[in-house]
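Asker: kindly return the folded structure for what I paste below:
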Amino acid sequence: MKAPLFAAALAVLAIPASAHEFGFAGVLSNSNKGEMPGITLSVGKPLTDGPIALKSGMLYELEIEADGTGELALEGSGFFRAIWVNEVVVNGLEIRPFGLESVEFDEEGTMEIEFLAIKPGQYFLKIPGSKGESQRVDITIQ
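Answerer: Alright, predicted model coming up:
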(Lines give C-alpha, C1' and ligand atoms only; values in the text may rest on other atoms or scores of the structure.)
Protein backbone atom coordinates (compact mmCIF):
# COMPACT_ATOMS: atom_id res chain seq x y z
CA MET A 1 0.00 0.00 0.00
CA LYS A 2 2.90 2.36 0.70
CA ALA A 3 4.40 1.93 -2.79
CA PRO A 4 1.36 3.42 -4.69
CA LEU A 5 1.22 6.40 -2.29
CA PHE A 6 4.94 7.00 -2.71
CA ALA A 7 4.57 6.83 -6.52
CA ALA A 8 1.67 9.31 -6.43
CA ALA A 9 3.73 11.73 -4.32
CA LEU A 10 6.62 11.53 -6.81
CA ALA A 11 4.22 12.16 -9.71
CA VAL A 12 2.95 15.36 -8.05
CA LEU A 13 6.52 16.61 -7.61
CA ALA A 14 7.22 15.97 -11.31
CA ILE A 15 4.59 18.48 -12.55
CA PRO A 16 6.28 20.79 -15.08
CA ALA A 17 6.88 24.42 -14.10
CA SER A 18 4.52 25.64 -16.86
CA ALA A 19 1.60 24.10 -14.94
CA HIS A 20 2.31 26.55 -12.12
CA GLU A 21 2.52 29.73 -14.24
CA PHE A 22 -0.62 31.32 -12.72
CA GLY A 23 0.81 31.15 -9.19
CA PHE A 24 -0.94 30.59 -5.90
CA ALA A 25 -4.24 32.29 -6.78
CA GLY A 26 -4.59 30.67 -10.22
CA VAL A 27 -6.58 32.68 -12.76
CA LEU A 28 -7.36 35.35 -10.13
CA SER A 29 -3.68 36.23 -9.61
CA ASN A 30 -2.26 39.64 -10.48
CA SER A 31 -0.15 38.13 -13.25
CA ASN A 32 -3.36 37.23 -15.11
CA LYS A 33 -4.92 40.74 -15.05
CA GLY A 34 -5.79 42.68 -18.17
CA GLU A 35 -6.48 46.39 -18.52
CA MET A 36 -9.79 47.76 -19.71
CA PRO A 37 -11.19 51.29 -20.06
CA GLY A 38 -13.88 52.48 -17.69
CA ILE A 39 -17.46 53.39 -18.58
CA THR A 40 -19.07 56.71 -17.69
CA LEU A 41 -22.83 57.05 -17.31
CA SER A 42 -23.89 60.62 -18.08
CA VAL A 43 -26.96 61.97 -19.87
CA GLY A 44 -26.08 62.77 -23.49
CA LYS A 45 -22.42 61.70 -23.29
CA PRO A 46 -20.72 58.63 -24.82
CA LEU A 47 -20.21 55.61 -22.55
CA THR A 48 -16.57 55.23 -23.62
CA ASP A 49 -14.17 56.21 -26.40
CA GLY A 50 -14.63 53.13 -28.56
CA PRO A 51 -14.98 49.36 -28.68
CA ILE A 52 -13.33 47.20 -26.03
CA ALA A 53 -11.28 44.05 -26.76
CA LEU A 54 -10.72 41.43 -24.05
CA LYS A 55 -8.94 38.06 -23.95
CA SER A 56 -10.66 34.92 -22.78
CA GLY A 57 -9.11 33.58 -19.58
CA MET A 58 -7.97 37.00 -18.37
CA LEU A 59 -9.16 38.81 -15.24
CA TYR A 60 -10.49 42.36 -15.66
CA GLU A 61 -11.91 45.11 -13.50
CA LEU A 62 -14.61 47.25 -15.08
CA GLU A 63 -15.10 50.60 -13.37
CA ILE A 64 -18.47 52.21 -14.05
CA GLU A 65 -18.88 55.81 -12.93
CA ALA A 66 -22.19 57.69 -12.91
CA ASP A 67 -22.17 61.49 -12.63
CA GLY A 68 -25.72 61.74 -11.27
CA THR A 69 -27.19 63.63 -14.25
CA GLY A 70 -29.92 61.02 -14.50
CA GLU A 71 -31.09 57.61 -13.37
CA LEU A 72 -29.11 55.41 -15.77
CA ALA A 73 -28.56 51.69 -16.18
CA LEU A 74 -26.44 49.34 -18.26
CA GLU A 75 -27.78 46.15 -19.77
CA GLY A 76 -26.07 43.43 -21.73
CA SER A 77 -27.23 39.96 -20.78
CA GLY A 78 -25.09 38.34 -23.51
CA PHE A 79 -21.95 39.93 -22.11
CA PHE A 80 -22.84 39.13 -18.50
CA ARG A 81 -23.40 35.47 -19.48
CA ALA A 82 -20.01 35.31 -21.23
CA ILE A 83 -18.08 36.24 -18.07
CA TRP A 84 -17.68 34.88 -14.57
CA VAL A 85 -18.21 37.67 -12.01
CA ASN A 86 -15.83 37.42 -9.06
CA GLU A 87 -17.13 40.47 -7.20
CA VAL A 88 -19.01 43.74 -7.48
CA VAL A 89 -17.84 46.58 -5.23
CA VAL A 90 -20.20 49.47 -4.41
CA ASN A 91 -19.24 52.04 -1.77
CA GLY A 92 -16.59 49.70 -0.38
CA LEU A 93 -19.09 46.83 0.00
CA GLU A 94 -18.10 43.64 -1.81
CA ILE A 95 -20.86 41.58 -3.38
CA ARG A 96 -20.21 38.11 -4.79
CA PRO A 97 -23.18 37.42 -7.06
CA PHE A 98 -24.00 34.27 -8.97
CA GLY A 99 -24.42 36.45 -12.07
CA LEU A 100 -25.66 39.79 -13.38
CA GLU A 101 -28.30 40.87 -15.87
CA SER A 102 -27.92 44.65 -15.57
CA VAL A 103 -26.78 47.39 -13.19
CA GLU A 104 -28.43 50.73 -12.38
CA PHE A 105 -27.38 54.00 -10.78
CA ASP A 106 -30.07 56.14 -9.17
CA GLU A 107 -27.49 58.77 -8.20
CA GLU A 108 -23.83 59.66 -8.56
CA GLY A 109 -21.43 56.86 -7.69
CA THR A 110 -18.87 54.28 -8.75
CA MET A 111 -19.14 50.53 -9.17
CA GLU A 112 -16.32 48.09 -9.86
CA ILE A 113 -17.01 44.69 -11.40
CA GLU A 114 -14.13 42.21 -11.26
CA PHE A 115 -14.65 39.39 -13.74
CA LEU A 116 -13.00 36.64 -15.74
CA ALA A 117 -13.66 36.80 -19.49
CA ILE A 118 -14.72 33.33 -20.60
CA LYS A 119 -16.72 32.90 -23.81
CA PRO A 120 -15.25 34.41 -27.00
CA GLY A 121 -17.65 36.44 -29.12
CA GLN A 122 -19.16 39.86 -29.85
CA TYR A 123 -21.15 41.51 -27.05
CA PHE A 124 -22.36 44.92 -25.90
CA LEU A 125 -23.38 46.98 -22.91
CA LYS A 126 -25.91 49.75 -23.48
CA ILE A 127 -28.26 52.12 -21.75
CA PRO A 128 -31.71 50.46 -21.92
CA GLY A 129 -34.09 52.07 -24.41
CA SER A 130 -31.37 54.16 -26.05
CA LYS A 131 -30.90 54.22 -29.82
CA GLY A 132 -27.69 56.27 -30.16
CA GLU A 133 -24.38 54.57 -30.95
CA SER A 134 -22.64 56.58 -28.21
CA GLN A 135 -24.99 55.01 -25.63
CA ARG A 136 -23.62 51.55 -26.42
CA VAL A 137 -20.17 50.00 -26.14
CA ASP A 138 -19.22 46.96 -28.22
CA ILE A 139 -17.09 44.36 -26.45
CA THR A 140 -15.16 41.56 -28.13
CA ILE A 141 -13.84 38.61 -26.16
CA GLN A 142 -11.08 36.91 -28.17
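
Asker: who does Ser84 bridge with?
Answerer: Residue 84: Trp, not Ser. Trp84 forms beta bridges with Leu116, as assigned by DSSP bridges.

Asker: next: Leu62.
Answerer: Beta-bridge partners, per DSSP bridges, of Leu62: Ile113.

Asker: what residue is smack in the middle of the chain?
Answerer: Phe115 (2.8 Å; Cα atoms, centre = their mean).

Asker: so where do the strands sit in this structure?
Answerer: Secondary structure of the chain (DSSP state E): strands at 39-41, 52-54, 59-66, 72-75, 83-90, 93-95, 102-105, 109-117, 121-126, 136-141.

Asker: wait, which of the ones you listed is closest to Asn32?
Answerer: Closest to Asn32 of the strands of the chain, according to Cβ to Cβ: strand 59-66, at 5.2 Å. Every C-beta, even on glycine, is put in place using the N, C-alpha and C of the backbone.

Asker: quick one: buried residues of the closest one?
Answerer: Residues of strand 59-66 classed as buried by neighbour count (16 or more other Cβ atoms under 10 Å): Leu59, Tyr60, Glu61, Leu62, Ile64, Ala66.

Asker: ok, the residue nearest to the centre of the chain to Thr140 distance?
Answerer: Taking Cβ to Cβ, to the nearest Å as the measure, Phe115 and Thr140 are separated by 15 Å.

Asker: ditto for Gly34
Answerer: With distances taken as Cβ to Cβ, Gly34 is found 13 Å from Thr140.
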